[in-house]
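Enquirer: sequence and predicted structure, then a few things I'm wondering about:
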Amino acid sequence: IDSYNIRLSEMLEAIDTLAFMKMDQRLYKYLTDKVKIMRSTTLTTTHQQIAHDLNTSRVVISRLLKQLENEKKIELNRNKIEVLEF
């Protein structure tokens, strides 16, 4: 039953994220969730892979990542993203 409750909670969180969060919020949540899963503040990925995972275009992801970098929440490097705040 605990497993069922956990899965149901994860599903409801995913639906809430897709239905009600703006793309910039979804992107930041995606990055912080990945950091927690990977147990590392440095993510090795591409803008294209993130766009694919979030079902949007690479151009949108690149623009939003730059915005997060300007807000000092992340640091961008080639194929690496350092999450500074989470």
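Expert: Happy to help now that I have it.
Enquirer: any idea how far the longest helix belonging to the chain is from the chain center?
Expert: Longest helix of the chain, by residue count under DSSP state H: helix 2-20. The chain centre lies 16 Å from the centre of helix 2-20; the measure is C-alpha atoms, centre = their mean, to the nearest Å.
Enquirer: elements contacting that helix?
Expert: helix 23-38 (3 or more C-beta pairs under 8 Å, 6 or more residues apart in numbering; DSSP states H and E). Glycine gets a C-beta too; all of them are placed from N, C-alpha and C.
Enquirer: what's the weakest-modelled helix or strand in the chain?
Expert: helix 2-20 (a mean of 78; mean pLDDT, DSSP states H and E).
Enquirer: give the buried residues for that one.
Expert: Residues of helix 2-20 include none that count as buried (16 or more other C-beta atoms under 10 Å).
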